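> how does the following fold in three dimensions:
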Amino acid sequence: MTDQPDLRHGESRSVDNSSSVVVDLREYKQSKDPLPVTFHRRELDAILWIYGRMVGDGEWRDYAIDHLKDRAVFSVFKRSGEMPLFRIEKNPKLAAKQGAYSVISVNGTILKRGHELNQVLKVFDKALKLVDK
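The predicted structure is shown next:
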């Protein structure tokens with residue numbers, strides 16, 4: 001506590017400075033509601049290059065991008081009303097372990113996982129196709 005003069009009455013009064021804290025509103029909002037995980041421009045370029053190639057081959061027809069709190073997901077579809085054929089996911093929490101990037105099939109099998117997106121996307125170089133039984 002410090003004594004500071006009260007300019008109105010010429011008296012001194014006690015002021016408690018321990019409770020006055022300046023909070024950055026942006027930091028506070030981010031701590032309460034963190035920004036979603038997103039794909040960066042170079043990541044989207046690599047994914048959309050594969051997507052364009054597969055559309056040209058008639059394999060894929062539609063896509064969706066989801067930016068969630070814990071991961072970003074690029075889903076590809078043969079028809080928009082169906083389950084995604086493949087999901088390309090970016091999960092930063094796995095970056096130090098198995099790698100942040102993964103390609104997941106329609107039945108949930110992880111086809112490839114790694115630290116570099118371009119290496120993970122090479123799984124599509126083998127011309128994966130959905131086979132109807």
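
> may I see the buried residues of stretch 62-82?
62, 63, 71, 72, 73, 74, 75, 76, 77, 78 (16 or more other CB atoms under 10 Å). (C-beta placed from N, C-alpha, C; glycine too.)

> just give the nearest non-adjacent residue to the most centrally placed residue in the chain, would you?
The centroid of the chain falls nearest to residue 37 when counting by CA atoms, centre = their mean (2.0 Å). Excluding the flanking residues, the one nearest residue 37 by CB to CB, 6 or more residues apart in numbering is residue 72, at 4.6 Å.

> please give me every residue in contact with that neighbour.
Residues in contact with residue 72 (CB atoms under 8 Å, 6 or more residues apart in numbering) are 36, 37, 38, 39, 65, 66, 89, 90.

> try residue 88
Residues near residue 88 by CB under 8 Å, 6+ apart: 47, 73, 74, 75, 76, 101, 102, 103, 104, 120, 121.

> does the fifth one touch residue 51 like I think?
Meaning residue 76. Yes: using CB atoms under 8 Å, residue 76 is in contact with residue 51, at 6.5 Å.
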